[in-house]
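> task: produce atomic coordinates for the following.
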Amino acid sequence: MNRIMILIGGVVLIGLFAGCNREPEEEKPLYSSTEPAPSAPVSTPRTHPVTRKTRNTYQFYCAQCHGIDGHGKGINAPHLTVPPRDHTKADYLETRTDEQLFTAISQGGLAVGRAPCMPSWQHTLDENTIHSLVSYIRELCQCKSL
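So this is what the prediction gives:
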């Protein structure tokens, strides 16, 4: 079982490095000039609880880049052109909706105008697992969603 996990982890790492050697794209504004920024984040109820399985999934799929504690300092971080997001920083994550975080996890960083290094997990993780990862990221940053 451990050999299979190591093999899967190696394949994931190869895939990450293949897409991460491109130059980072310019950051896009959070809101258009015609759309006002929200005044304050509003908490939404968590319909997808954080479980031991959620934490284990984060450790297996996310911690290599985002770090065991979500600080963006995983073992792959020094090798990436674009540093992984620090999931403990509320100042940025409170500007993102749960839907945006879900899309980033399921479709990858480019789907939300971010790093090409962030892979798409929609063919690996089911929707409920991705929703619970979004809840876990909110727990890590101790922040609210829009």
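> for the strand or helix carrying Ile105, packing partners?
Using DSSP states H and E, Ile105 sits in helix 98-107. In terms of contacts (3 or more C-beta pairs under 8 Å, 6 or more residues apart in numbering; DSSP states H and E), helix 98-107 is packed against helix 127-141. Just so you know, the C-beta spots here come from the backbone N, C-alpha and C atoms, and that holds for glycine as well.
> in the helix it packs on, what's buried?
129-138, 140-141 (16 or more other C-beta atoms under 10 Å).
> buried set for stretch 104-116?
Quick answer for stretch 104-116 (16+ other C-beta under 10 Å): 104-106, 108-110, 112, 114-116.
> would you reformat those as JSON lines and include pLDDT and distance to Gln64?
Below are the buried residues of stretch 104-116 laid out as JSON lines (pLDDT from 0 to 100; distance: C-beta to C-beta, whole Å):
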{"residue": "Ala104", "pLDDT": "97", "distance to Gln64": "16"}
{"residue": "Ile105", "pLDDT": "98", "distance to Gln64": "14"}
{"residue": "Ser106", "pLDDT": "98", "distance to Gln64": "18"}
{"residue": "Gly108", "pLDDT": "97", "distance to Gln64": "15"}
{"residue": "Gly109", "pLDDT": "95", "distance to Gln64": "15"}
{"residue": "Leu110", "pLDDT": "95", "distance to Gln64": "19"}
{"residue": "Val112", "pLDDT": "94", "distance to Gln64": "20"}
{"residue": "Arg114", "pLDDT": "91", "distance to Gln64": "17"}
{"residue": "Ala115", "pLDDT": "91", "distance to Gln64": "14"}
{"residue": "Pro116", "pLDDT": "92", "distance to Gln64": "16"}
